[in-house]
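J.: build me a model:
(one chain, ligands or ions: 1)
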Amino acid sequence: MATSTIPELITHKGCRMIKGIHHPHEVDQIQDLELRDSDVFVVTYPKSGTIWMQQILLALKSKGNEDSVQSVERVSTKDTLNNWDLVPWIEGPGKVLEFVKAESPRHNVTHLLYHLMPQELSRRRGKVIYVARNPKDILVSFYYFHKMLSELETPKSFDEFFDKFIIGDVFSAAVFGGSWFEHVKSWFSHKDDIDMLFLTYEEMIQDLQTVVRRTAEFLGADLTQDQLNSVVKQSTFKNMKQNPRANYEKMDGNLINHQEGRFMRKGTIGDWKNHFTVAQSERFDKVFKQEMKDFPVSFIWDIQEIS
Ligand code: PPS
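T.: Reported below is the predicted structural model:
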């Protein structure tokens, strides 16, 4: 059952966060963290494939051996393991302290902007895997996620949420995570300063095998072809949909309303077509074109483009 308090967002150093979950004094400690070469941060704007890359990292770490992840669950003192317990949010409550004490390799995820992340990244300590997704599909996925998560304000309608994501003629900073445009562009602008693998959700849909192989190479993970195949198998939408850890099934019913749907929802490209009106799509395209005119990466907007 969802709580009845109205969730609130705060802005801290230009970053939009959830009040009560993200504590500015903890977030401020992240920039000064000492990194190890083996540290990995998966960086995403919300709904871009975070849990997917979490899954790939977990499976790579266990060299495709599902039993090894399950054994972590068995020895855990928590009976509520979700993917995010195994690859935590660095900006989550108490996570900075856990990070400092954690054994190598430390794998974390974040929605934070570049300037709030450890400065040592720019000295090429630690690695970043950035996953970007086409923002029309993000908007739809985010809309359903707002209906599920009690810490995010339930939208009155899809149209209202659309107007919150795009205010006037810009990607707005009003939603959790801030402006999609700013997130992608600011991280991308640092891609040559830090050790970064830049991927898109759409290329993961198009060719998961290649993405898994490139990710393994980037991390220096030495897996046989059979082991890589097992990682791919565990990371398909079909298999993750049945994985309770990936669906936050064990997450407290006060935080997530499981009646509103599943975290692993559609897992495809182009669901925006089932939600946007023609006028909304045209308005979105205008904003996108304007804000992304110098951006060198193109996005795939329709599953037909790759099938
Ligand atoms: S969050 O809340 O920001 O952590 O969400 P995030 O994990 O970034 O994004 C959730 C969306 O990713 C989809 N997803 C996948 N799609 C295809 N294949 C696989 N294996 C996969 N794993 C996660 C998930 O279904 C959400 O997208 P939508 O469009 O809502 O289905």
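J.: how about the strands in the stretch 1-150 of the chain?
T.: 9-12, 15-18, 40-44, 107-110, 127-132 (DSSP state E, counting those that start in this stretch).
J.: CA atoms only for the last one, dumped as PDB, please.
T.: Only the C-alpha atoms of strand 127-132 are listed here, as PDB (Å, rounded to 0.1, in the frame of the first residue of the first chain):
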ATOM      1  CA  LYS A 127      35.400   3.300 -15.200                       C
ATOM      2  CA  VAL A 128      32.100   4.600 -16.300                       C
ATOM      3  CA  ILE A 129      29.500   2.900 -18.500                       C
ATOM      4  CA  TYR A 130      27.000   5.400 -19.700                       C
ATOM      5  CA  VAL A 131      23.700   4.100 -21.100                       C
ATOM      6  CA  ALA A 132      21.600   6.500 -23.100                       C
END
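J.: same list, the strands of the stretch 1-150 of the chain, but as JSON lines with mean neighbour count and mean pLDDT please.
T.: C-beta here means a position set from N, CA and C on the backbone, and glycine is covered the same way. Formatted as JSON lines, those follow (neighbours: other Cβ atoms under 10 Å; pLDDT from 0 to 100):
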{"stretch": "strand 9-12", "mean neighbour count": "15", "mean pLDDT": "92"}
{"stretch": "strand 15-18", "mean neighbour count": "20", "mean pLDDT": "92"}
{"stretch": "strand 40-44", "mean neighbour count": "25", "mean pLDDT": "98"}
{"stretch": "strand 107-110", "mean neighbour count": "23", "mean pLDDT": "97"}
{"stretch": "strand 127-132", "mean neighbour count": "23", "mean pLDDT": "98"}
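J.: redo those as CSV? Include distance to residue 65.
T.: As requested, these are exported to CSV (distance: least, Cβ to Cβ, whole Å):
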stretch, distance to residue 65
strand 9-12, 40
strand 15-18, 35
strand 40-44, 19
strand 107-110, 16
strand 127-132, 21
